[in-house]
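*Asks:* Quick one: sequence and predicted model below, then my questions.
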Amino acid sequence: MSARAEDIRTAVGHTGDTATSPSEIVFKPMLRIALPIMAVILVAAIAGRYYQQWAAWQHGLDATTADFESYWMRLFYAETVVIWGASLVTWTWLWMTRDRNLASLAPSEEFRRYMVWVGIIMAYVFALYFAASYFAEEDASWHQTVVRDTSFTPSHIILFYGSFPAYILLGGTMLLYSMTRLPVYARRISVTVLVAVVGPFLIMPNVAYNEWGYAFWASEEIFALPLHWGFVVFGWAALAFGGLLVQVMNRLGTLVPLISGDGVKDSQAKSA
């Protein structure tokens with residue numbers, strides 16, 4: 001292990017004979033939070049897709065039937081309670097347990113929290129993929145094949161009321177974690193983080209506008225339809241993740257020398 005890696009290892013509190021590489025310090029906190037959430041999202045997406053394949057054609061073509069109520073509206077109710085309930089609990093917990101003494105936060109602990117935050121961002125982007133790409137394309141294909149009768153269709157119940165709230169849950173978690181655990185973002189609001197979170201969130205109001213428009217006009221299901229423009233505009237908010245990457249790398253570039261310096265001091269003190 002290099003001297004610099006040893007300094008980082010010592011600074012973050014790993015002592016003894018067990019070697020801890022910088023890659024473990026970086027990836028362990030990040031993947032510990034990202035992988036379980038991404039696994040849940042993947043399983044839910046696969047399950048949702050297979051459920052659609054099984055129940056959409058037989059029970060999802062007419063929203064006025066008892067079958068639709070049993071197979072689709074109950075799924076909608078369950079999604080609403082579970083996802084928005086999880087959002088309320090998670091966001092409340094993050095705020096109530098916020099760090100009230102960030103001024104004295106050690107560089108090593110701040111570094112670890114950044115890795116946790118990056119893990120949340122990874123899960124957020126993963127959820128955005130299914131909402132803005134896979135299930136969004138599927139929804140368009142469904143409506144080009146089956147004329148919509150209400151705002152509740154088999155594709156909408158998975159996309160609008162399942163996938164969208166799921167990434168909003170993670171986006172709000174990402175924002176609140178930065179505001180309550182990271183000194184830089186606790187002192188002032190980052191426009192980059194705000195756009196990365198609020199931009200995709202504003203797709204939900206555009207869903208309401210979109211469905212209102214379809215209720216009054218029998219519009220053709222094409223992507224260039226003016227009712228769909230809002231989805232594109234808010235989708236552009238994903239460009240903010242480039243600026244977010246720069247912010248994170250800049251801060252980590254500041255923290256690593258501080259951690260190394262603390263590690264050197266600790267080693268010198270022990271030698272003395």
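*Replies:* Thanks, I have it.
*Asks:* At which residues are the helices of the chain located?
*Replies:* 3-11, 22-59, 66-68, 74-96, 107-129, 135-145, 154-158, 164-181, 183-187, 191-201, 203-216, 229-235, 240-271 (DSSP state H).
*Asks:* can you tell me how far Ser87 sits from Pro165?
*Replies:* Using Cβ to Cβ, to the nearest Å, Ser87 is found at 7 Å from Pro165. Every C-beta, even on glycine, is put in place using the N, C-alpha and C of the backbone.
*Asks:* Ok, Ala196 next?
*Replies:* Ala196 is 17 Å from Pro165, by Cβ to Cβ.
*Asks:* And the two? Which one has more around it.
*Replies:* Ranked by neighbour count (other Cβ atoms under 10 Å), Ala196 and Pro165 place Ala196 first, with 26 against 19.
*Asks:* In space, what's closest to the more buried one - neighbours in sequence excluded?
*Replies:* With Cβ to Cβ, 6 or more residues apart in numbering as the criterion, Ala196 has its nearest non-adjacent residue at 4.1 Å, and that residue is Ala240.
*Asks:* Same check on Trp142?
*Replies:* Ser155 (4.1 Å).
*Asks:* Is it correct that the one you found is in contact with His143?
*Replies:* Yes: if you go by Cβ atoms under 8 Å, Ser155 and His143 touch, sitting 7.2 Å apart.
*Asks:* Tell me which of those two has more neighbours.
*Replies:* Between Ser155 and His143, Ser155 has the larger neighbour count (other Cβ under 10 Å), namely 20 against 17.
*Asks:* where's the more buried one relative to Met249, distance?
*Replies:* If you go by Cβ to Cβ, the gap between Ser155 and Met249 works out to 38 Å.
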